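**Student:** Structure, please.
(one chain, ligands or ions: 1)
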Amino acid sequence: MSNLKFFEPLKASRAFSLLKNDFGKGLGHAYMVVSPDDDAVDEFFTLVACAVYCDSHEPCMDCAECRKILNGNNGDVFHLNEKREKIKVEDLQNFLSTVNVKPIGERKMYFIHRADLMNAQSQNKLLKTFEEPPADVTIVLGVSNEAGMLETVRSRARTLYLDAFDEQTVYAMLLSLGIDAATCSVAAACGEGQLGKALKIANSPDYAELYRSAIKLLRFLNRSSDIAALDSAVFMQKDVGAFLDVLSIILRDMLAAKGDGDLVVQKHIIEDIDALASNYSRHALADILLAVNSARRKLSLNVNPTATVDSLLFTILEDRHKWQ
Ligand SMILES: [Zn+2]
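**Tutor:** Prediction:
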């Protein structure tokens, strides 16, 4: 069994298979793993380390070598900035001070988390090592913002993009962690293809509350006199944008419940959805979904939230009655 939450999707990722291909011809000296998903990059580093030292290169996550990595007991593996803070030049200097020391085994691995938080001075320091890398050393940089890296550093590292994961993959990952299907569905849809973000959402009581409020809104918005109360319920949420995200996912699910077979989330349908969907026609749902998405855009452009939500609730009500 693996201790990595994201083991399956990371192992199946393109970035990992590209790196694994290098085992045959010899691992490079420098890699840059690019993704906004810091948590996934951290686990990717562990996976890479296991693959390097595991007898099978697979990695099995179970052999003595893999266990050593998982327990942080491999003396050839080094990490810098696991807390993802700014990296001071002396920290980097310290970290790299051992690169010329022979490895205990055959290779040493140096992982720098959020390397894009290094200033130019630190990056130039790193560049010196990149220019004359010892043969048995591989340095792997985790980078959230590629623009934060000096071109000179970037050009010397092989870039591996950790692509966004599809919703189905994220959903399966969350489900495998024992999270209930309804939460998995919302979190996978809101996670923007990021494993770490989706997991945070799944574990956040705020999102459960957003979900309940969105369901409530669709259930109890029956006449214009309901608008004022529901309006203030929306503004009790800490994050109105996130509320609209969740609302749009529920609407997608409701549309799916009406039989639009190509929608992925339909497979994880939640009991509330069917009952709710019976109160709205398909045409109404489609129009409401457009209105919600337009409201999301307006909020992202800093249009007045009160006016945006107010007009959205009127539109929902109107659409619902217009398209019975
Ligand atoms: Zn192994």
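
**Student:** What residues does the stretch 51-200 of the chain have near the ion?
**Tutor:** Proximity of the stretch 51-200 of the chain to the ion, by C-beta under 5 Å from the ion, involves residues 54, 59, 60, 63, 66. The C-beta positions use only the backbone N, C-alpha and C, and glycine is treated the same way.

**Student:** Identify the residues contacting the residue in the stretch 151-300 of the chain positioned nearest to the ion.
**Tutor:** In the stretch 151-300 of the chain, the residue that lies nearest the ion is residue 176 (20.2 Å; C-beta to the ion). Residue 176 sits next to residue 8 when contact means C-beta atoms under 8 Å, 6 or more residues apart in numbering.

**Student:** how far away is it from residue 77?
**Tutor:** 26 Å (C-beta to C-beta, to the nearest Å).

**Student:** Residue 83 too?
**Tutor:** 17 Å.

**Student:** Show me which of these two is the more surrounded one.
**Tutor:** residue 77 (22 against 6; other C-beta atoms under 10 Å).

**Student:** hmm, back to that, out of the residues of the stretch 51-200 of the chain next to the ion, which one sits closest to residue 188?
**Tutor:** Of all those, residue 59 has the smallest distance to residue 188: 25.9 Å, by C-beta to C-beta.

**Student:** For that closest one, which non-adjacent residue is closest in space?
**Tutor:** residue 50 (3.7 Å; C-beta to C-beta, 6 or more residues apart in numbering).

**Student:** List the buried residues of the helix or strand hosting that neighbour.
**Tutor:** Per DSSP states H and E: residue 50 is located in helix 38-53. By 16 or more other C-beta atoms under 10 Å, the buried positions in helix 38-53 come out as 39-53.

**Student:** what's the offset of it from the middle of its chain?
**Tutor:** 15 Å (C-alpha atoms, centre = their mean, to the nearest Å).

**Student:** Tell me the first helix or strand C-terminal of that helix.
**Tutor:** Using DSSP H and E, the first helix or strand after helix 38-53 is helix 64-70.

**Student:** circling back to that earlier point, mean confidence for the helix holding residue 50?
**Tutor:** Helix 38-53 shows a mean pLDDT of 96.

**Student:** Alpha carbons only: can I get it in CSV?
**Tutor:** Extracted as CSV, the C-alpha positions of helix 38-53 are listed here (Å, rounded to 0.1, in the frame of the first residue of the first chain):
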residue,chain,number,x,y,z
ASP,A,38,2.0,22.3,-4.7
ASP,A,39,0.6,19.3,-2.8
ALA,A,40,0.7,17.2,-5.9
VAL,A,41,4.2,18.3,-6.7
ASP,A,42,5.4,17.3,-3.2
GLU,A,43,4.0,13.8,-3.7
PHE,A,44,5.4,13.7,-7.2
PHE,A,45,8.9,14.3,-5.7
THR,A,46,8.4,11.3,-3.4
LEU,A,47,7.2,9.2,-6.2
VAL,A,48,10.2,10.2,-8.3
ALA,A,49,12.6,9.4,-5.4
CYS,A,50,10.9,6.0,-5.0
ALA,A,51,11.2,5.3,-8.7
VAL,A,52,14.9,6.1,-8.6
TYR,A,53,15.8,3.8,-5.8
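
**Student:** Counting by contacts, list what that helix packs against.
**Tutor:** helix 7-11, helix 14-25, strand 30-34, helix 64-70, strand 77-80, strand 108-112, strand 137-143, helix 195-202 (3 or more C-beta pairs under 8 Å, 6 or more residues apart in numbering; DSSP states H and E).

**Student:** So what are the sheet partners of the fifth one and their directions?
**Tutor:** If you go by DSSP bridges, strand 77-80 pairs up with strand 108-112 (parallel).
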